[in-house]
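1. Just a sequence and a predicted model for now, questions to come.
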Amino acid sequence: MRSLAVTCAVACVLTAAAGAAVRQGTPATVLMPGVTYQRQVTFTPRGPVVLNVVLGPRPGGLYSLKPVLSNNALIGRAKLTEMEKSISSSATAVGVNGDLFALATGIPSGVLMRGGALDSPPNSKRSSTGIGADGSLHVDRIAYSGYWKGSGQRRAVLLNQPATTQAGTTLYTPAYGPATPAEKVSVLEETLSPFSGTAPNTDLVGTVTATSPAGGVAIPPGGAVLVARGGQTTFLGAEAPVGSQVTVRLTLTPSWAGITDAIGGGPALVRNGKAVFRSNELFATTTLSTRTPRTAVGQLADGRIVLVAVDGSRPGYSIGMTSFELALALQHLGAVQASGLDGGSSTAMAFDGALLNRPSDPGGERSVSDALMLLYTGVYAPPPGAPVLSPNNDGFADVEPLAYKVVRPSTVTASLVGPDGVARPLDSGPKAPGLYTFAWNALRADGSPEQEGKWRLSVTAVDDQNATSTVEQPFTVNDTIGFLKAPTAVTLQAGQTALSASFTLARAATVTGTIRTGAGIVVATVRAGKLGTGPQTLNWDGRTDEGKLAFAGRYTLVVSAVNELGRSDLSQAFTARRG
């Protein structure tokens, strides 16, 4: 089948002096309007290091930087790709894994704030990352204290966390999960409904509607449950009987005024444009000094957001970074503020539900507690299904799959713009949120073929908030090569042709055949040179580029034709065995 993606490879010859590091990178790829992704590779004396970098606009307008909670609950975990898919109808997302967490329960170790509501308190001994309403990033050490008050004095309260002793009180909100956890000590649980949210540094009021002497009480939507343990049960029962009001205050110090969203993690990596060598946060020295996969978020001087995922624990591919090496990398990228997030097996970066990096966990992508995502609510169009459309009826890329997505009610204008710069209408009018798909065969209304050359899908949307967004996706119409025929099984024998393929050229082109492994590694190249129109053949003798007979296994033949229209590929998978 015709190749549907362009494979990027990074090659480097180390000619620098011993001890030097050489950095290479693939060209930046546009993921969605204003957001790019690049894989950077640094070759060091200790081994290669792969840095996955996403760069996006300052949050505001159609863009926001938000923490996303797995399963919409503090308990439980989910994969980053699953979280992105779950919100795809409301935004197009690129993101990384979030805070450190308890593996057994999924509860994050630090702060989680969403839309001004505090779901999990900060860890005062580690940095927290706050996102301001103005799109600014704040990396700070924040302390938490809370109390509840009925008819008596103020009494300490935890938020969505079990008590560290057998005598304590916790406020559980719907963010925790559907019900309070089972308890091993005597408890008194009081349901508050309604309860006025969890905005920090504000008096919150709820009405006691029911009590229970056991755990597992349902947490009502728009409500909460106060759970007292041990000696605290006497105070809760006496000072907050059914029908009374309870006041709760969840205090952050400093107050973090203007912060609407936040996520835990740490340590601080960059402050005022300088890499932080020693943050003095609650992390073991080995945690910071070991080269391992790592994740981070930062903000550039112009407000742009940078997300980084360092692949690691894969000798020969990427060894990972220490915390300070990551800090230096972020400084090199231009970050003026930056913080680490969870790392190791949790490190992941994904776009629109597909991984961008290579997680190190033996089981693949790991389920995590929460994630930090750059969200876009404008019109989005995925890359065309066929980078090169070849409508010659040979069964390969004869039709171009196209699509666009809107997540808000919008008025849309979609068109195809040809090499002549003229727009051909494709779709228009009011559209409900959803994905809209098309199949284009490169024919005009009268059935005649359209021009060959560079085309682009162009979509503009004006949503119900009067925000305008535009997206474009390029592709090529190129009928140069077609009708590839090659065997699906071959025998490798010295001195004999192993594979003979036939194809047709509609115009002259320089043709090259490559034999590739399943991983895309080229093992043999057949240069056919410049060929004219008509039927053509290409033969492979079964030998690698080093002159040795290839091993048995599964391969793919890729035949590439290059001319003034660009490059067009045809491919055929086959199995080889030695004779």
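-> Looks like it arrived, so ask away. Numbering: from 1, shown residues only.

2. what about the residue positioned nearest the centre of the chain, which helix or strand?
-> Nearest residue to the geometric centre of the chain (Cα atoms, centre = their mean): residue 350, 2.3 Å. Using DSSP states H and E, residue 350 falls within strand 349-351.

3. Run me through the strand neighbours of that strand, direction for each.
-> Strand 349-351 has the following strand partners under DSSP bridges: strand 92-97 (antiparallel), strand 354-355 (antiparallel).

4. what residues does that strand touch?
-> Outside strand 349-351, the residues within contact range by Cβ atoms under 8 Å, 6 or more residues apart in numbering are 31-32, 37, 52, 54, 80-81, 84, 93-96, 295, 307, 309, 355-357. C-beta here means a position set from N, CA and C on the backbone, and glycine is covered the same way.

5. what helices or strands is the longest helix anywhere in the chain leaning on?
-> As assigned by DSSP state H, the longest helix anywhere in the chain is helix 323-333. Here helix 323-333 touches strand 47-56, strand 268-271, strand 274-275, helix 285-289, strand 294-300, strand 305-310, strand 335-340, going by 3 or more Cβ pairs under 8 Å, 6 or more residues apart in numbering; DSSP states H and E.

6. For that helix, list every residue counted as buried.
-> Residues of helix 323-333 classed as buried: 323, 324, 325, 326, 327, 329, 330, 331, 333 (neighbour count, 16 or more other Cβ atoms under 10 Å).

7. One more: stretch 170-178?
-> By neighbour count on 16+ other Cβ under 10 Å, the buried set for stretch 170-178 is 170, 171, 172, 173, 174, 175, 176, 177.

8. Give me the distance between the two termini of that stretch.
-> End-to-end span of stretch 170-178 (Cα to Cα, to the nearest Å): 15 Å.

9. Tell me how far that stretch lies from the chain's centre.
-> Centre-to-centre, stretch 170-178 and its host chain are 27 Å apart (Cα atoms, centre = their mean, to the nearest Å).

10. I would like the residues contacting that stretch, please.
-> By Cβ under 8 Å, 6+ apart, stretch 170-178 touches 69, 72-76, 112, 114, 117, 119-120, 146, 148, 157-163, 180, 195, 198, 218-227, 248, 250.

11. coming back round to it: report the rounded mean pLDDT for the strand holding residue 350.
-> The pLDDT scores in strand 349-351 average 98.

12. And for stretch 39-54?
-> On average, stretch 39-54 scores 95.

13. ok, now stretch 206-226?
-> Looking at stretch 206-226 alone, the average pLDDT works out to 96.

14. what helices or strands is the longest strand along the chain leaning on?
-> The residue-count maximum for a strand in the chain (DSSP state E) belongs to strand 566-578. Under the contact criterion of 3+ Cβ pairs under 8 Å, 6+ apart, strand 566-578 touches strand 388-389, strand 481-485, strand 489-492, strand 499-505, strand 553-563.

15. in that strand, what counts as buried?
-> 566, 567, 568, 569, 570, 571, 572, 574, 576.

16. How far away from the center of its chain is that strand?
-> Put simply, strand 566-578 sits 31 Å off its chain's centre (Cα atoms, centre = their mean).

17. Then stretch 199-206?
-> 34 Å.

18. hmm, back to that, state the distance from the residue nearest to the centre of the chain to residue 82.
-> Using Cβ to Cβ, to the nearest Å, residue 350 is found at 9 Å from residue 82.

19. And for residue 423?
-> 38 Å.

20. Low-confidence stretches in the chain?
-> 1-25 (pLDDT under 70).

21. how about the helices of it, start to end?
-> Under the criterion DSSP H, the chain contains helices at 80-86, 232-239, 285-289, 323-333.

22. I'd like to know which of those is closest to residue 454.
-> The minimum distance between residue 454 and the helices of the chain falls on helix 80-86, with 30.7 Å, by Cβ to Cβ.

23. got the contact list for the closest one?
-> 68, 70, 78, 93-97, 348-355, 365, 368, 371, 373.

24. Of these, just the buried ones, PyMOL syntax please.
-> Per 16+ other Cβ under 10 Å, the buried members of the contacts of helix 80-86 correspond to this PyMOL selection:
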select buried, resi 68+70+78+93+94+95+96+97+348+349+350+351+352+353+355+365+368+371+373
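
25. What separation do you get for the residue nearest to the centre of the chain and residue 359?
-> To residue 359, residue 350 is 10 Å away according to Cβ to Cβ.

26. Please apply the same query to residue 233.
-> Applying Cβ to Cβ, the value for residue 233 to residue 359 is 45 Å.

27. neighbour-wise, which of the two wins?
-> Shown here are residue 233 and residue 359; by other Cβ atoms under 10 Å, residue 359 has more neighbours (26 against 21).

28. hang on, the more buried one packs against residue 347?
-> Yes - applying Cβ atoms under 8 Å, one finds residue 359 in contact with residue 347, separated by 6.4 Å.

29. who touches both of these two?
-> Residues touching both residue 359 and residue 347 (Cβ under 8 Å, 6+ apart) are residue 293.

30. and stretch 371-380, how far from the chain's centre?
-> The answer for stretch 371-380 is 10 Å, by Cα atoms, centre = their mean.

31. Ok, stretch 533-545 next?
-> What separates the centre of stretch 533-545 from the centre of its chain is 41 Å, taken as Cα atoms, centre = their mean.

32. Likewise for stretch 521-532?
-> How far stretch 521-532 lies from its chain's middle: 37 Å, per Cα atoms, centre = their mean.

33. out of the helices of the chain, nearest to residue 213?
-> Between residue 213 and these, the tightest spacing by Cβ to Cβ is seen for helix 232-239, at 8.4 Å.
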